[in-house]
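Peer 1: just the structure for this:
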Amino acid sequence: MKKLLYGLVVILALVVIAYGANRNMPSAEIGTGDSIQLNHSMAEEISSGIETVLIALKEFKAVTEQSPDDTTAIQTSGKDVEANWDKIEKRVEKMDPVAYEDIERSLYPLIAEAGKDQPNVVMVQQLIDETMEKLTEFKEEMGA
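Peer 2: Residues are numbered from 1 along each chain as shown. Reported below is the predicted structural model:
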């Protein structure tokens, strides 16, 4: 009887120790490898998408500097930026709603201004700079 009681106490102690050790581990270490990989993969996709949008914005800025009177080129560049943003927009919103809203405060006015018949090039350039700054900051916060 004493051996049985001793065995149960030892097993109970091991269970309590194991449970306590799992509670102190960071959640990433407790989770499955698949979920960790999925989160890392999502962050990489968002980072890559942001880089694509940043490249489109740099090209857009070059168009406004080299051909400020070419409204067709400005409109096309605005559409390119919008198309690239649309590919990652929902994931950015899901990952960080506050940063998403901040980015969109300059991105959507930029897209709207670029789509006008006679876009204000100075305003477009200012909005490009603001949007690039916000996207770069978000990318750095992600650790990418």
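
Peer 1: give the helix, strand or coil label for residue 123.
Peer 2: When classified by DSSP: H, G, I helix; E, B strand; the rest coil, residue 123 comes out as helix.

Peer 1: hmm, residue 52 is touching residue 84, no?
Peer 2: Yes - in this structure, residue 52 is within contact of residue 84 by C-beta atoms under 8 Å, at 5.0 Å. From N, CA and C alone the C-beta is placed, and that goes for glycine too.

Peer 1: the helix or strand hosting residue 113: how far from the chain's middle?
Peer 2: Residue 113 belongs to helix 97-114 when assigned by DSSP states H and E. Computed by C-alpha atoms, centre = their mean, to the nearest Å, the chain-centroid distance of helix 97-114 equals 14 Å.

Peer 1: name the helices or strands packed onto it?
Peer 2: helix 71-95, helix 121-142 (3 or more C-beta pairs under 8 Å, 6 or more residues apart in numbering; DSSP states H and E).

Peer 1: which among those helices is found nearest to residue 103?
Peer 2: helix 121-142 (4.8 Å; C-beta to C-beta).

Peer 1: let's see that closest one as PDB, backbone CA atoms only.
Peer 2: Output of helix 121-142 as PDB, limited to C-alpha atoms (Å, rounded to 0.1, in the frame of the first residue of the first chain):
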ATOM      1  CA  VAL A 121       2.300  66.600 -58.600                       C
ATOM      2  CA  VAL A 122       3.600  68.400 -55.500                       C
ATOM      3  CA  MET A 123       0.900  66.800 -53.400                       C
ATOM      4  CA  VAL A 124       1.500  63.400 -55.000                       C
ATOM      5  CA  GLN A 125       5.200  63.600 -54.200                       C
ATOM      6  CA  GLN A 126       4.500  64.500 -50.600                       C
ATOM      7  CA  LEU A 127       2.000  61.600 -50.200                       C
ATOM      8  CA  ILE A 128       4.500  59.300 -51.800                       C
ATOM      9  CA  ASP A 129       7.200  60.300 -49.200                       C
ATOM     10  CA  GLU A 130       4.700  59.900 -46.300                       C
ATOM     11  CA  THR A 131       3.600  56.500 -47.500                       C
ATOM     12  CA  MET A 132       7.100  55.300 -48.100                       C
ATOM     13  CA  GLU A 133       8.100  56.400 -44.600                       C
ATOM     14  CA  LYS A 134       5.100  54.600 -43.000                       C
ATOM     15  CA  LEU A 135       5.700  51.400 -44.900                       C
ATOM     16  CA  THR A 136       9.400  51.400 -44.100                       C
ATOM     17  CA  GLU A 137       8.700  52.000 -40.400                       C
ATOM     18  CA  PHE A 138       6.100  49.100 -40.400                       C
ATOM     19  CA  LYS A 139       8.500  46.800 -42.100                       C
ATOM     20  CA  GLU A 140      11.200  47.600 -39.600                       C
ATOM     21  CA  GLU A 141       8.700  47.000 -36.700                       C
ATOM     22  CA  MET A 142       8.000  43.600 -38.200                       C
END
